[in-house]
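# I'll drop the sequence and a predicted model, then ask my questions.
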Amino acid sequence: MFSSNALVGFCLAYASVLFLIAFLAERRAARGQLGWLRSPIVYTLSLSVYCTGWTFYGAVGTASRSGLDYIPIYLGPSLVFFGWWLIIRKLVRIGHAQRISSIADLLSSRYGKSGAVGVVVTLLAVVGSTPYIALQLQSLTLSFTAFSAQSAEVPALGAEVTAFWLAVGLAAFAILFGTRNVDANEQHHGVVTAIAVEAVVKLVALLAVGIFVVWGIGLEGGVFGGIEASALNTDRIFTPRWVTLTFLSASAIICLPRMFQVMVVENADERHLFTAAWAFPLYLFLISLFVLPIALSGQQLLPEGSNPDLFVLSVPLSRGQDELALLAFLGGFSAATSMVIVATIALSTMISNHIVLPLWLSVNRGRTEMSGDVRNVLLTSRRASIGIVLALGYLYFRITGGSAALASIGLIAFAGVAQLLPSLIGGIYWRGATRTGALGGIGIGFLIWAYTLFLPSFEGSFLLSAGTLANGPFGLEILKPQALFGMPASDPLVHSVFWSLSLNTAAFICLSLLSTPRLLERVQGSQFVDVFRQGSGGLMLRRSATSEDLFTLAQRILGADKAHHMFASVARMQGLPSGLPRPTDDLITQLERELTGSVGAASAHAMVGQITGGGQITVEALIQMADETAQVVEYSQQLERQSKELEETAQQLRTANAQLTELSRQKDDFLSQVSHELRTPMTSIRSFSEILQETGDISSEEAQRFIGIIHQESQRLTRLLDEILDLSFLESGRVKWDLKPVALHEVVESAVASTEGLRTTQNVALKVEDAHLETPVIADFDRLAQVLINLISNAVKYGQTQNPAIRLTAHRVGPKLYLDIADNGPGISSENRERAFEKFARLDEVTLSGSAGLGLPISREIMRNLGGDLALINAAKGATFRLTLQAA
Amino acid sequence: MSDRPDLAERAFRESRKRDTAFVLPMLGLLLIVSPIVNIFAGITTVWGIPASVFYVFVVWLTLIGLTWRLSRRLLAED
């Protein structure tokens, strides 16, 4: 048999071992050797912080008093984990994306980084957790007294004193464990590891007691032999209470601050959920497996009136199994301490981030730059908060007198935190949920819960008098706390949960629909609801600050090393070799996110806001962020535009290529034409000179004729070469033009005179009309004359008919002067019009000797160089060439 | 590679598995948080264990097994 002092010794030794484990784990983590510290098994075991002293002792009590009612407490969380894909995965993803540090932070961040939401949730969590802390004190106190009662030793201390020292011890333990430093991401590897070890201890302890009860005692008729007499003997299991218990425990696993802490905040890797999804329900399954056998055997073995909440201890003690009882005691101690440690860490984080820090900020407004390290404020306030939370728990224990059954106290806490459920679920699935709706819903739910469940639990000794409880306030029966509106109050828990949660949800939805969310709420709303659809990006507020201010702020919250590390890495990313990074929007946003991990979204937003002077969300930024699809659409439009441009360029290239091919073909044609044209006179010159050379007896008359031909042909050749040279000279653009005002009639007279011989031989009449011919034009006299001679010669050559005649007429339109040379010959068919200006084009093969076909191209080239043009125009009969000239 | 189902088929199977993740908690609700449990109320026993207790624990363990299978599949895809 162990004395009380021995028990205290065991507890201290056990706590020291845990502390050592936590210390070693933290040191490993600090060295970066995370390894198994971040394994899914450790994560799953840390979730077992759900199973508290209430679970350990109270479940057996519940099973003994009301049969299967203990099962929903474990089934609810199991169901949530079976459906982990629905809610938990999303919470964990949001927790990582937004650096969430507590459930108050999650709701505050979701509803526009609202300070008010943070305060309300924190207050609710503290008040809701108070009965829970008291519960742990009570179960620990009970377990101490169970040993004392057995050992016939006069209890050295009363229950209140035991509970007081327990509270002090737990506070010291939690402060040492949880607030050794302010971590940038609020993960406590040491605590989580210690919790995992405790999880194993409590499971082993409960299984050991269960195995001993079932197989070690050998009860007559088996463990379930006494079933007829027990509370299990009922024909209705599915009752409103059954549903309520399942629902409450399912919402508790999400909303309890300590569960949120281990499940979301301490989660190292989202993939751990794949294991926890089945392993945590398995843990709960094993924990509850032997609850009923222990309860039934206790009923059979122990005298009437024994406290069923203590069967886990008293059954082994009654059989003289002291070591087993000690193991069970340590299991209960583990369950209670792990709950208190995690709960106080979670609550103290919430209190310091959402109540103390905003107050401190408003007091120190304007001189934040000078004042000291904010981390000291955080640490001090967290340590103080742990003390306050435990003090409240102890007060609750004292006021309620530690009389109520463990389970009913636990359920009060469950119903309290369940008030967060509508705003939480609405917040992550419903974009339209607003801050007003959340505040209204949580507020109303909280008040009804307090009025119908929390305050009545004091049984008239706190705020609500016994009279009010019995008859309603001021004798108003309709407002009786445990029978609102005259609802039959068979079960106060079902009654309270029904009213508080239904009105909470109704207020949340209605107020959300009636209110207009601010821009930041909408931004956060879409970030939460669409967390799986977004990349790492997020909203970039337009803000400005100096790098020095930002660095000072970072140093004060993150600590010098971490701040230095962060700023140095940002500077490297910006490509700066040394010094502080540029204060870009990127840097400010990243800093706010880092700070959020330490002090919560609302405080981080406010602190950064103080430095940057606010920072308003612009509608443009909102649209840019909220509508990523728009960006995708814009991007694809850009691509489309680019490809269209490419298509156009390709088309232009194809056209240019076609033109080049055509030009190349024309050049080849030209060359072959030139060689052909040169060959003809060369051939005849050569053949006639050969005849002259080789034939001896040739008459001089004959020879004279041959020499005449050779002379003619060589003249033709010379003319041809002159023309080719002329054309290439013109086309090369190296000609010096002697442009000046020229009297048109002089040029015409000169050309007419030059062609007189030709016309006379061909018997062609020429008529020059005098109108406008005196007009001076801008031209090179000789070149213009050359064009006219060429055109008149052509008209003589091609315009052959019965009475050939050529007409020259001029008329003036504005600054332009047109000179038409018309013949009355066969004319040029329309398909040959354009070919007429091609080189070597001999239309319809009617050509006279002496023409190489280069006259028209040369003439057109000259006219264009004179600033005019040469074209064939439609005429009723014959061919009409029109010269366009610039009047001087 | 040749008998591997095409992309659409694989996406469909994946979403089917994810839908199954929604089905499990619903199944649990239907089997345990419904009047079905009342069928097993009373003092009937299975191997000396009350039928209601036996039923609840068997359903529970089965759901754990199904979740384990599903998690492994989802993890393999992830």
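Perfect, I can see it now.
# If you check chain B against chain A, which residue is the closest one?
The shortest separation between chain B and chain A is 3.2 Å, found at B:P25 (distances taken as CB to the nearest CB). All C-beta atoms are positioned from the backbone trio N, CA, C, and that covers glycine.
# Can you tell me the SS state at that residue?
helix (DSSP: H, G, I helix; E, B strand; the rest coil).
# Can you name the residues that contact the nearest residue to it once chain neighbours are set aside?
Leaving aside its sequence neighbours, B:P25 sits nearest to A:G83 (CB to CB, 6 or more residues apart in numbering or on different chains; 3.2 Å). Taking CB atoms under 8 Å, 6 or more residues apart in numbering or on different chains, we find A:G83 in contact with B:A21, B:F22, B:L24, B:P25, B:M26.
# Pull the number of nearby residues for A:P303.
Residues near A:P303, counting by other CB atoms under 10 Å in any protein chain shown, number 6.
# Next one: the residue nearest to B:P25 relative to B:F22, how far apart?
Going from A:G83 to B:F22 by CB to CB, to the nearest Å gives 7 Å.
# And for A:H605?
Here the distance between A:H605 and B:F22 works out to 35 Å (CB to CB).
# of the two, who's got more company?
A:H605 (23 against 13).
# On the pLDDT front, check that one for me.
Among the per-residue scores, A:H605 shows a pLDDT of 77.
# Give the phi and psi angles for the residue lying closest to it once chain neighbours are set aside, as a check.
Sequence neighbours aside, A:K113 is the residue nearest to A:H605 in space, at 4.3 Å (criterion: CB to CB, 6+ apart). The phi and psi torsions at A:K113 (degrees, to the nearest 10) take the values phi 50, psi 50.
# Can you tell me which of the contacts of A:G83 is nearest A:M350?
Using CB to CB, the shortest approach to A:M350 within the contacts of A:G83 belongs to B:P25, at 28.8 Å.
# Let's see the pLDDT reported for A:A852.
The confidence metric pLDDT takes the value 51 at A:A852.
# Could you do B:V58 as well?
Looking at B:V58, its pLDDT is 91.
# list the contacts for residue 68?
Since you didn't name a chain, this refers to chain A. Contacts were defined as CB under 8 Å, 6+ apart; by that measure A:L68 touches A:L232, A:I237, B:S52, B:V53, B:V56.
# my bad, the chain I had in mind was chain B
For B:W68, the residues meeting the contact criterion (CB under 8 Å, 6+ apart) are A:W278.
# how many other residues sit next to the closest residue to A:G825 other than its chain neighbours?
For A:G825, the nearest residue in space outside its immediate sequence neighbours is A:G799; the separation is 3.0 Å by CB to CB, 6+ apart. Neighbour count for A:G799, taken as other CB under 10 Å: 20.
# same question, A:E648
Neighbourhood size, A:E648 [other CB under 10 Å]: 10.
# what's the average pLDDT for the biggest helix by length in chain A?
Longest helix in chain A by number of residues, with DSSP state H as the criterion: helix A:628-694. The predicted model assigns helix A:628-694 a mean pLDDT of 82.
# Show me what secondary structure element comes after that helix.
Counting by DSSP states H and E, the element after helix A:628-694 in chain order, helix or strand, is helix A:700-732.
# Next, the buried residues of the very next helix or strand once past that next one.
For helix A:700-732, the following helix or strand on the C-terminal side (DSSP H and E) is strand A:740-743. Using 16 or more other CB atoms under 10 Å in any protein chain shown as the test for burial, strand A:740-743 gives A:V742, A:A743.
# Same question for stretch A:554-567.
A:A554, A:Q555, A:R556, A:I557, A:L558, A:G559, A:K562, A:A563, A:M566, A:F567.
# average pLDDT across that stretch?
In this model, stretch A:554-567 carries a mean pLDDT of 78.
# chain center to it, what's the gap?
Using CA atoms, centre = their mean, to the nearest Å, the distance from the centre of stretch A:554-567 to the centre of the chain it belongs to is 26 Å.
# Give me the distance between the two termini of it.
In terms of CA to CA, to the nearest Å, the two terminal residues of stretch A:554-567 are separated by 9 Å.
# So in that sheet, which strands flank the lowest-mean-pLDDT helix or strand in chain B, and in what orientation?
The weakest-scoring helix or strand in chain B, judged by mean pLDDT, DSSP states H and E, is strand B:45-46 (a mean of 72). Using DSSP bridges, strand B:45-46 pairs in its sheet with strand B:49-50 (antiparallel).
# Beyond the partner strand, next helix or strand please.
Later in the chain than strand B:49-50, the nearest helix or strand by DSSP H and E is helix B:51-77.
# any idea how far A:I103 is from chain B?
A:I103 is 21 Å from chain B, where distance means CB to the nearest CB, to the nearest Å.
# what's the pLDDT at the nearest residue to that residue once chain neighbours are set aside?
The shortest distance from A:I103 to any residue that is not its chain neighbour, by CB to CB, 6+ apart, is 4.2 Å, and that residue is A:F260. We have a pLDDT of 91 for A:F260.
# Then A:R518?
In this prediction, A:R518 carries a pLDDT score of 81.
# Same question for A:L310.
Among the per-residue scores, A:L310 holds a pLDDT of 82.
# That one: neighbour count?
Neighbours of A:L310 (other CB under 10 Å): 24.
# ok, it - contacts?
With contacts defined as CB under 8 Å, 6+ apart, A:L310 is in contact with A:Y57, A:G61, A:L142, A:S143, A:A146.
# Checking my notes, the second one in a helix, right?
Meaning A:G61. Yes. Note on A:G61: a helix contains this position according to three-state DSSP.
# give me the number of residues near it?
By the other CB under 10 Å criterion, the neighbourhood of A:G61 contains 26 residues.
# among the contacts of A:L310, who's most crowded?
The most crowded member of the contacts of A:L310, judged by other CB under 10 Å, is A:Y57 (30 neighbours).
# measure that residue to A:L464 for me?
Here the criterion is CB to CB. By it, A:Y57 lies 28 Å from A:L464.
# Give the residue spans of chain B that score low on pLDDT.
B:1-7, B:14, B:17, B:43, B:78 (pLDDT under 70).
# near chain A, which residues of it?
For chain B, the contact set with chain A under CB under 8 Å from any CB of the partner chain comprises B:18, B:21-22, B:24-26, B:28-29, B:32-38, B:40-43, B:45, B:48-50, B:52-53, B:56-57, B:60-61, B:63-68, B:71-72, B:74-75, B:78.
# List buried residues within the residues you listed.
With neighbours counted using 16+ other CB under 10 Å, the residues of chain B next to chain A contain these buried positions: B:21, B:24-25, B:28-29, B:32-33, B:37-38, B:40-42, B:49-50, B:52-53, B:56-57, B:60, B:63-64, B:66-68, B:71, B:74.
# Surely A:A810 touches A:Y818?
Yes. A:A810 lies in contact with A:Y818 (CB atoms under 8 Å); the separation is 6.7 Å.
# Adding distance to A:P303, write the contacts of A:G83 out as JSON lines.
JSON lines is the format used below for those (distance: CB to CB, whole Å):
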{"residue": "B:A21", "distance to A:P303": "50"}
{"residue": "B:F22", "distance to A:P303": "50"}
{"residue": "B:L24", "distance to A:P303": "45"}
{"residue": "B:P25", "distance to A:P303": "43"}
{"residue": "B:M26", "distance to A:P303": "46"}
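# which two in the residues you listed are spaced the farthest apart?
Greatest spatial distance in the contacts of A:G83: B:A21 and B:M26, 10.4 Å, computed using CB to CB.
# need the helix or strand of chain A with the lowest average pLDDT.
Result, chain A / mean pLDDT, DSSP H and E: helix A:619-626, a mean of 50.
# Against which helices or strands is the host helix or strand of the residue nearest to A:I103 packed?
Per DSSP H and E, A:F260 falls inside helix A:257-260. In terms of contacts (3 or more CB pairs under 8 Å, 6 or more residues apart in numbering or on different chains; DSSP states H and E), helix A:257-260 is packed against helix A:103-110, helix A:115-150, helix A:240-255, helix A:322-351.
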